[in-house]
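what follows is a predicted protein model with its sequence.
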Amino acid sequence: MRGIGLVMAGWLLATGLALAQEYKSGIPWSEPKLVTPGTASTAPSDAIVLFGGKDLSAWNNGDKWLVADGVATAAKTGISTKEMFGDCQLHIEWATPDKVEGAG
């Protein structure tokens with residue numbers, strides 16, 4: 001009986017040691033950059049600003065839209081970003097006129 005107890009204790013000890021090893025996936029992960037948050041009037045340090053109120057140079061067909069007084073007004077053409085994005089966090093601000101006129 002004592003022999004079985006020693007075998008069981010050894011097996012439990014070996015199992016515990018095997019499970020206690022640090023798991024390494026083999027993928028080298030780099031340290032993420034420190035991001036400083038923005039204020040009410042600035043973007044965070046890692047933000048890609050697509051429209052800063054001056055031009056639509058980061059957009060395809062952006063030259064066809066009107067930009068005046070920090071506002072981009074849509075034209076009959078659509079626009080798309082020149083840069084490709086995958087998963088991302090998107091922050092959008094827009095305004096609509098007080099009185100909407102016309103259709104479409």
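That came through fine.

host element of Phe85?
Assigned by DSSP states H and E, Phe85 falls within no helix or strand.

is Ala47 in contact with Cys88, as I believe?
No: with contacts counted by C-beta atoms under 8 Å, Ala47 stays clear of Cys88, the gap being 10.5 Å. Where C-beta positions appear, they are placed from N, C-alpha and C, glycine not excepted.

which one's more surrounded, those two?
Neighbours were counted for Ala47 and for Cys88 using other C-beta atoms under 10 Å; Ala47 has more, 12 against 7.

list the contacts for the more buried one?
By C-beta atoms under 8 Å, 6 or more residues apart in numbering, Ala47 lies in contact with Gly38, His91.

look at it and give its secondary structure.
coil (DSSP: H, G, I helix; E, B strand; the rest coil).

now it: how far from Val67?
20 Å (C-beta to C-beta, to the nearest Å).

show me the residue sitting in the middle of this protein in space.
Cys88 (3.3 Å; C-alpha atoms, centre = their mean).

distance-wise, check that residue relative to Val35.
14 Å.

assign a three-state SS to the residue nearest to Ile48 when sequence neighbours are not counted, would you?
Spatially, and ignoring its direct neighbours in sequence, Ile48 is nearest to Glu83 (7.1 Å; C-beta to C-beta, 6 or more residues apart in numbering). When classified by three-state DSSP, Glu83 comes out as coil.

isn't Glu83 right up against Asn60?
No: between Glu83 and Asn60 there is no contact, the gap being 10.2 Å when judged by C-beta under 8 Å.

the more surrounded of these two?
Counted by other C-beta under 10 Å, Glu83 and Asn60 do not tie: Asn60 has more neighbours, with 13 against 9.

can you name the residues that contact the more buried one?
Ile79, Ser80, Thr81, Lys82.

hmm, try it at 7 Å
Asn60 is in contact with Ile79, Ser80, Lys82, counting by C-beta atoms under 7 Å, 6 or more residues apart in numbering.
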